[in-house]
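**Student:** Provided below for reference: sequence and predicted model.
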Amino acid sequence: VSEKKIVFRNGDLIKSKLQPSQFLSGFLMELLERDESVQSVVYTFPHLTIQEFVAAIVQFLTSHPVDIGKLLSEAYSKEDGRFEIFLRFVAGLSSPQSARPLEEFLGRFDHETTCRVLDWVKEKVEGQTVNSNEAGKRNLLIALHYLFESQNKA
C-alpha cells in the first residue's frame, strides 16, 4: 500500500511474508503476463480496499508488538489519507468479534499486539478531543472511526 503497488510477483508476496494459501487465493486474481516470449503469473487484488485489508492482516500478524505502535503512528502522520482505510482495518483486527473468525484460518492473534493497537486508538481519540479547530475536528472524526472499528468499550 505504501509503495502504491498493484501488481505482484511471487517474490513480492514472499517478501511481504505472504505464502500462497487457500485464504490468500480468495483475495488475489492471477494474471498471465507476457514479456517477449516469456510468460509468467502475476497477482493483483480486485480492489484496493482488499489490498489494504490484507496489508493490515500482514502487519497485525507479523509486526513485533513494540513496532506496531510506531507503524500506526507513521501511517497516521501521512496527511494525504492514503492509510486511512488500512488503519481502520488494523483497529478492527483488535476487536475480538473480528479476530475470532479470522483466527480459525490465521492462528491466534498476539494479545500484546492487540493491546498496543487499542492503546494507540485510545491515544488518538484522547489527543483529538482537546482540538477544536477544523483540522482537529476532522482528526477527531477519523480517530472515532478507529474507536468504532476496534469495538473497544473501555
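**Tutor:** Happy to help now that I have it.

**Student:** which residue is the nearest non-sequential neighbour of the spatially most central residue of the chain?
**Tutor:** Geometric centre of the chain, nearest residue: Ala56, 1.9 Å, by Cα atoms, centre = their mean. Closest residue to Ala56 apart from its sequence neighbours, by Cβ to Cβ, 6 or more residues apart in numbering: Phe89 at 3.5 Å. All C-beta spots, glycine's among them, are computed from the backbone N, C-alpha and C.

**Student:** where does Pro20 land on pLDDT?
**Tutor:** At Pro20, the model reports a pLDDT of 62.

**Student:** over to Thr49?
**Tutor:** Thr49 carries a pLDDT value of 92.

**Student:** before we move on, which element is it in?
**Tutor:** Using DSSP states H and E, Thr49 maps to helix 48-62.

**Student:** contacts for that helix, please.
**Tutor:** 1, 6, 16-18, 24, 27, 45, 68, 71, 85-86, 89-90, 92-93, 102, 106-107, 109-110, 113, 117 (Cβ atoms under 8 Å, 6 or more residues apart in numbering).

**Student:** now which of those residues would you call buried?
**Tutor:** Buried subset of the contacts of helix 48-62 (neighbour count, 16 or more other Cβ atoms under 10 Å): 1, 18, 24, 27, 45, 68, 71, 85-86, 89-90, 92-93, 109-110, 113, 117.
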